[in-house]
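Trainee: Mind looking at a prediction? Sequence and model below.
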2 protein chains.
Amino acid sequence: MYNFDYYIPTKIFFGKGVLDKLPGEIALHTSKVLLVYGGGSIRRNGIYDALLPLLAQAGIEVCELSGVEPNPRVTTVARGAQLCRDNGVGAVLAVGGGSVIDCSKVIAAAALSAGDPWDLVTGKAPITAALPIFTVLTAAATGSEMNNGAVISNMETHDKLGIKSPAMQPVASVLDPTYTFTTSRHQTAAGTADIMSHTLENYFSRAADFTLLDGMAEAILKTCIQYGPVALKTPDHYEARANLMWASSLAINGLIRWGKADAWSVHSMEHPLSAYYDITHGDGLAVLTPSWMTHVLSEATLDRFVRYGVQVWGVDPALDKWEIARRSIDITRDFFTRVLGIPGSLRALGIDETHLEEMAQKASTPALQKDAFVPLFPTDVLAIYRRCLD
Amino acid sequence: MYNFDYYIPTKIFFGKGVLDKLPGEIALHTSKVLLVYGGGSIRRNGIYDALLPLLAQAGIEVCELSGVEPNPRVTTVARGAQLCRDNGVGAVLAVGGGSVIDCSKVIAAAALSAGDPWDLVTGKAPITAALPIFTVLTAAATGSEMNNGAVISNMETHDKLGIKSPAMQPVASVLDPTYTFTTSRHQTAAGTADIMSHTLENYFSRAADFTLLDGMAEAILKTCIQYGPVALKTPDHYEARANLMWASSLAINGLIRWGKADAWSVHSMEHPLSAYYDITHGDGLAVLTPSWMTHVLSEATLDRFVRYGVQVWGVDPALDKWEIARRSIDITRDFFTRVLGIPGSLRALGIDETHLEEMAQKASTPALQKDAFVPLFPTDVLAIYRRCLD
């Protein structure tokens, strides 16, 4: 187990009908927000109509930026930052899923920076300050509502890069599970896969001596396994949506990561797929995960797979260790494809051989070659891509 | 599942040799602290000698209050508050276990209050402000290092009361597992029982639909079951001490409580025992817990006990439900007494029939009669006390 600093200062308002707690928090910081959202679902599902009067009552003026893309573009960040500067905005309020929140975070930083927003994403210019960020979550998936990270895409350079800064930690987030009742079947499935992937990236770690965190991770995984299918079948099942929503935050707010802290293998391999093909992040993760598992299974990693199979999937611990490990991988694949209904191959996501080698080069970062659970070089990534091509 | 607000702004520095991160944090708030500790073990184990130069280097002047009792007294709180006022202290630094931290929290509040400190504990005078609080933890048990609660005793009135206030949330805490290598065998056992009790108070809840939190609670319980005995056998086992230390914080920082929020039955019954007999809190909890379980087991609560037995203790799920429940209680008792070596009866803790009825009256608060997992009236508490007398 590694030393770690733990600090999660985001205030969470969780539950039915808690939206009215937010405007007072915002009013402590500003009287003018940039309201950021996506394709307009918040206008159809009533959140927009509920929120605007509450903000007005709290004396908060609103500018709007709509149309944030599923893989948010740096061009949209630039547009939002300009709106903030032009209108003297004092905070950014994201209403949406991870894409909207990620975009809003970098807008909040770029609003206080004179340079090119892409420099903030690449790390060329450090993010040292940002406008206060508030979020209203409408999809359980990325956990962006409770951490200080963001992922932004540049479609010109085919880059999809993650960036973190304490300045981008949301001040407060509203998590009302009823807001996810209208999340589509596809997004519910992909979101569940995303939560599981965040958890697995921490669970498959070289630091196997922090068993408390392993247990926490298993709790999140079992929650997804139990409630993902329930939410697909009964979209307005409150307990299912609430458990998934809180799982999404806890999977990636630091709770199960700090003390372990390996490089994230499957995310590193998925980002090029989204950057080249604009696929749904969770779909890419679901396709890659079982093939990655097969690739890294070895004598050295066997015990971790055995714990995974027995604790998470209930595989019979009396079986041969290799049999447990292989079964756990098969069950994982089956859960993503058959139970959640996510396509099972890259080709089914519209990806062919064309860019595999370039994408493998981009995926195999120095961190992945050095700090991953099992180091992955471009040849490894290419082998994994090829394994899940069809 | 209930709605909840989640907010844990304490910064944690966790790991070996991280003490040097603390003085800089303190210096952001003040240049003069009250250093609070207990019977002087921090002078013997080297923490005192390591800390003082670090504080001096950061330009922080130190006043001292030593001799805080295991069940900290309101008289000690008063003495500490007076020291703060007399010396113009700007923050309180607790170095110790839960008693020292609890005492420090109320000192920090009382320092800013003109009235009787006991009024702050009883709630007669609300706690609205406190000096900034910092902690260096030396025993894994109460979790006080990461929450805003404190328990203070008044030996004149035989009251041991809990009080909470956002103002008493520690700003930052150092959790170095090596500081618990010298924790005594008795305190290690009682601390482990305390962590388990905090977890069980949340786990046995009417809100059985927050399965994610149940899984988190199970992870904490299994960590205690795995590592409590290891720490007893090998006191300087880093992984054991580290897992227990972090379990102590997560068990009672809100993570597994918010969204459930019943009244705490066993703690309510233990507090009078400590207030009348000054026993170790964890010992009292360990004696009461299995008898409380037996008292509240019924058709209505059976399923919760079955989940507990199967998930936490690995009882065969194919057995009859009542058999699983009874076994889980027996195993719990056996773990506390035989494995951890905690006395198994009130009489072994020096408690006889004399005050049972008075203590039962004190334990059965309105909250316990209304909001407990199973409501407990004085006759219930008395029956539970009697059940574990011998």
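Mentor: Received, thanks.
Trainee: tell me the mean pLDDT for stretch A:93-112?
Mentor: When pLDDT is averaged along stretch A:93-112, the result is 98.
Trainee: Over to stretch A:156-172?
Mentor: Throughout stretch A:156-172, pLDDT has a mean value of 95.
Trainee: buried stuff in that stretch?
Mentor: Within stretch A:156-172, the residues that qualify as buried are A:158-161, A:163, A:165, A:167-172, counting by 16 or more other CB atoms under 10 Å in any protein chain shown. Heads up, the C-betas are built off the backbone N, CA and C, glycines and all.
Trainee: Closest one of the residues you listed to chain B?
Mentor: In terms of CB to the nearest CB, no member of the buried residues of stretch A:156-172 lies closer to chain B than A:Ala172, at 8.7 Å.
Trainee: Mind listing the residues bridging to that closest one?
Mentor: Beta-bridge partners recorded for A:Ala172 (DSSP bridges): A:Lys11, A:Phe134.
Trainee: Show me the buried residues of stretch A:156-172 that map onto strands.
Mentor: The subset of the buried residues of stretch A:156-172 located in strands under the criterion DSSP state E comprises A:159-161, A:163, A:172.
Trainee: Can you pick out the most distant pair from those residues?
Mentor: Within these, A:Asp159 and A:Ala172 form the most distant pair, 30.9 Å apart (CB to CB).
Trainee: so how far is chain B from the closest residue to A:Arg327 other than its chain neighbours?
Mentor: In space, and not counting its chain neighbours, A:Arg327 is closest to A:Val315: 5.2 Å by CB to CB, 6 or more residues apart in numbering or on different chains. Summarising the geometry, the distance separating A:Val315 from chain B, computed by CB to the nearest CB, to the nearest Å, is 15 Å.
Trainee: Any chance of TSV for the buried residues of stretch A:156-172, columns distance to B:Ser328?
Mentor: Supplementary listing: the buried residues of stretch A:156-172 in TSV, determined by distance: CB to CB, whole Å:
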residue	distance to B:Ser328
A:His158	55
A:Asp159	53
A:Lys160	48
A:Leu161	49
A:Ile163	47
A:Ser165	47
A:Ala167	48
A:Met168	45
A:Gln169	41
A:Pro170	40
A:Val171	43
A:Ala172	40
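Trainee: Which parts of chain A belong to which domain?
Mentor: As assigned by automatic domain parsing, chain A contains the domains A:11-179, A:184-387.
Trainee: Could you save these as TSV and add columns showing distance to B:Thr183?
Mentor: Rendered in TSV, the data for the domains of chain A read as follows (distance: least, CB to CB, whole Å):
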stretch	distance to B:Thr183
domain A:11-179	33
domain A:184-387	18
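Trainee: Out of these, which is closest to B:Pro126?
Mentor: B:Pro126 sits nearest to domain A:11-179 of all the domains of chain A, at 20.3 Å, using CB to CB.
Trainee: measure that closest one end to end?
Mentor: Between the opening and closing residues of domain A:11-179 lies a distance of 18 Å (CA to CA, to the nearest Å).
Trainee: Show me how far it is from its chain's centre.
Mentor: Here the centre of mass of C-alpha atoms in domain A:11-179, compared against the chain's by CA atoms, centre = their mean, to the nearest Å, lies 15 Å away.
Trainee: Looking at the stretch 251-390 of chain A, which residue is nearest chain B?
Mentor: Closest approach between the stretch 251-390 of chain A and chain B, counting by CB to the nearest CB: A:Gly259, at 7.1 Å.
Trainee: what's the neighbour count on that residue?
Mentor: Neighbours of A:Gly259 under the rule other CB atoms under 10 Å in any protein chain shown: 24.
Trainee: part of a helix, is it?
Mentor: No. When the secondary structure is assigned by DSSP: H, G, I helix; E, B strand; the rest coil, A:Gly259 falls in coil instead of a helix.
Trainee: That one touches A:Asn202, doesn't it?
Mentor: No. Counting by CB atoms under 8 Å, no contact exists between A:Gly259 and A:Asn202, whose distance comes to 9.4 Å.
Trainee: joint contacts of these two?
Mentor: Shared between the contact lists of A:Gly259 and A:Asn202 (criterion: CB atoms under 8 Å, 6 or more residues apart in numbering or on different chains) are residues A:Leu213.
Trainee: got the contact list for A:Thr289?
Mentor: Going by CB under 8 Å, 6+ apart, A:Thr289 touches A:193, A:196-197, A:200, A:266, A:332, A:336.
Trainee: repeat for A:Pro9
Mentor: Residues in contact with A:Pro9 (CB under 8 Å, 6+ apart) are A:169, A:171, B:7, B:9.
Trainee: Mind putting the ones in strands among the buried residues of stretch A:156-172 into CSV with distance to B:Glu69?
Mentor: Formatted as CSV, the entries for those read as follows, by distance: CB to CB, whole Å:
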residue, distance to B:Glu69
A:Asp159, 60
A:Lys160, 58
A:Leu161, 55
A:Ile163, 50
A:Ala172, 39
